[in-house]
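Student: Predicted model and sequence follow; I will ask about them next.
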Amino acid sequence: MKSFTYERAASPAEAVAATTRVQDAKFIAGGTNLLDLMKLEIETPAHLVDVNGLAFDKIEAAPDGGLRIGALVRNTDLAADARVRRDYPLLTRALVAGASGQLRNKATTAGNLLQRTRCPYFYDTDQPCNKRRPGSGCAAIGGFTRNHAILGASEACIATHPSDMAVAMRALDATVETLRADGAVRSIPIAELYRLPGETPQFETTLTPGELITAVTLPKPIGGTQIYRKVRDRASYAFALVSVGAIIQRDGSGRVALGGVAHKPWRVEAAEAELPRGARAVSARLLAGASPTRQNAFKLPLIERTLAAVLAEARG
Ligand code: SF4
């Protein structure tokens, strides 16, 4: 591991100021992904700004009837919160489908959103990877691609985003609140947080350098039957081959977001108009433009079948 300096931020202003004062500084909270990446020298920050002491660990009612989740709320606490379980069960189900109990005890809301891909070539520093070393190539293309993207990929990168929670947040229309290095605050709809890889897969979000996520807000509950179904190679502690997060209303309308298929949680609002016509019609719209490899083409029928199972479960 490369040597680095460390400080504990006493206030949000101090935290963002540290990232402008010191070059190559990074925030750290739970550290469940960042520390692994540092040990492998994939991430080599010169300075760590520990934000664990900031008062972002509360879940509070929002003025519009929604819920404001502090960036430092641990995944376990968020999943167990009575208001989340009652009004946003999709979020609880997605959270408990992710990682392990120990990791969920440490991992934070913001860190979960910002975790990096688990593409094996990204973690193998002997391999070319445009995300890890821009311009070096992509070892996954032409390699082992069972877990890789089938939607929104590029010739530079075919990685997927690994978060289950982000899929639920996308279906729930969450908004990410931030504090920028210049002191400005902003709200980013989660639909605008993630970027597709394009020619610059090293840039994964629309956050600016030194921008700190302070909270995630959920709009007023919309009810419905909320289901998160994750298909993976083993029953726990594995990333999704595909996942479906759905909110289905009594009249058959609803929302659907997919995980394990793209560089970001995948949702096509226009496809949701097809929900009353069933899984095949929705999948046809959701998966339009898909470009699977020979090894991951199975994801296309798997998504349709998983969605059919979700819709059957929603109908009871
Ligand atoms: Fe790197 Fe993306 Fe290629 Fe994986 S798919 S090797 S993360 S460039």
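Tutor: That came through fine. None of these values were measured; they are calculated from a predicted model.

Student: how about the residues of the protein that lie near the ligand?
Tutor: 117, 119, 121-122, 129-131, 138-140, 157-159, 201 (Cβ under 6 Å from any ligand atom). C-beta: built from backbone N, CA, C; applies to glycine.

Student: let's go with 5 Å and repeat that
Tutor: Neighbours of the ligand within the chain, by Cβ under 5 Å from any ligand atom: Cys119, Tyr121, Phe122, Cys129, Asn130, Lys131, Cys138, Ala139, Ala140, Cys157, Ile158, Ala159.

Student: Show me just the buried residues among those.
Tutor: Among the residues of the chain next to the ligand, those classed as buried by 16 or more other Cβ atoms under 10 Å are Cys119, Tyr121, Phe122, Cys129, Asn130, Lys131, Cys138, Ala139, Ala140, Cys157, Ile158, Ala159.

Student: Dump the residues you listed into TSV; add secondary structure and pLDDT as well.
Tutor: Putting those into TSV (DSSP: H, G, I helix; E, B strand; the rest coil; pLDDT from 0 to 100) gives the following:
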residue	secondary structure	pLDDT
Cys119	coil	98
Tyr121	helix	98
Phe122	helix	98
Cys129	strand	98
Asn130	coil	98
Lys131	coil	98
Cys138	strand	98
Ala139	coil	98
Ala140	coil	98
Cys157	coil	98
Ile158	coil	98
Ala159	coil	98
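
Student: Sort out which one of these lies nearest Gly278 for me.
Tutor: Nearest to Gly278 among these is Ile158, at 29.4 Å by Cβ to Cβ.

Student: The closest one against Ala140, yeah?
Tutor: Yes - between Ile158 and Ala140 there is a contact under Cβ atoms under 8 Å: 5.5 Å.

Student: Overlap in contacts, those two.
Tutor: Here Ile158 and Ala140 share the contacting residues His148, scored by Cβ atoms under 8 Å, 6 or more residues apart in numbering.

Student: in stretch 244-264, what counts as buried?
Tutor: Quick answer for stretch 244-264 (16+ other Cβ under 10 Å): 244-248, 254-264.

Student: Which members of these are positioned in strands?
Tutor: Val244, Gly245, Ala246, Ile247, Ile248, Gly254, Arg255, Val256, Ala257, Leu258, Gly259 (DSSP state E).

Student: List the contacts of the first one.
Tutor: Going back to what we said before, that points to Val244. Contacts of Val244 by Cβ under 8 Å, 6+ apart are Ile227, Tyr228, Arg229, Val256, Ala257, Leu258, Gly259, Ile303, Thr306, Leu307, Val310.

Student: any idea how far the fifth one is from Leu286?
Tutor: What that stands for is Ala257. 9 Å (Cβ to Cβ, to the nearest Å).

Student: Name the residues contacting each of these two.
Tutor: Trp266.

Student: ok, the closest residue to the ligand within the stretch 151-300 of the chain - contacts?
Tutor: Closest residue of the stretch 151-300 of the chain to the ligand, Cβ to the nearest ligand atom: Cys157 (3.3 Å). Applying Cβ under 8 Å, 6+ apart to Cys157 gives the contacts Asn130, Lys131, Cys138, Ala140, Pro197, Pro201, His263.

Student: you'd agree the third one is up against Pro128?
Tutor: Yes - if you go by Cβ under 8 Å, Cys138 and Pro128 touch, sitting 6.7 Å apart.

Student: So for the two, which residues contact both of them?
Tutor: By Cβ under 8 Å, 6+ apart, the residues touching both Cys138 and Pro128 are Tyr121.

Student: Was I right to think Ala174 contacts Leu218?
Tutor: Yes - using Cβ under 8 Å, Ala174 is in contact with Leu218, at 5.4 Å.

Student: what residues do the two have in common as contacts?
Tutor: By Cβ under 8 Å, 6+ apart, no residue touches both Ala174 and Leu218.

Student: Not including adjacent chain positions, what is the nearest residue to Asp50?
Tutor: Spatial nearest neighbour of Asp50, excluding adjacent residues (Cβ to Cβ, 6 or more residues apart in numbering): Arg8 at 4.6 Å.

Student: Show me where the stretch 201-316 of the chain has its helices.
Tutor: 269-272, 279-286, 299-315 (DSSP state H, counting those that start in this stretch).

Student: which secondary structure elements does the first one contact?
Tutor: Using 3 or more Cβ pairs under 8 Å, 6 or more residues apart in numbering; DSSP states H and E as the contact definition, the elements that helix 269-272 packs against are strand 254-259, helix 279-286.

Student: Kindly present these as a markdown table, with separate columns for distance to Ala153 and mean pLDDT.
Tutor: Listed next are these as a markdown table, based on distance: least, Cβ to Cβ, whole Å; pLDDT from 0 to 100:
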| stretch | distance to Ala153 | mean pLDDT |
| --- | --- | --- |
| strand 254-259 | 14 | 98 |
| helix 279-286 | 15 | 98 |
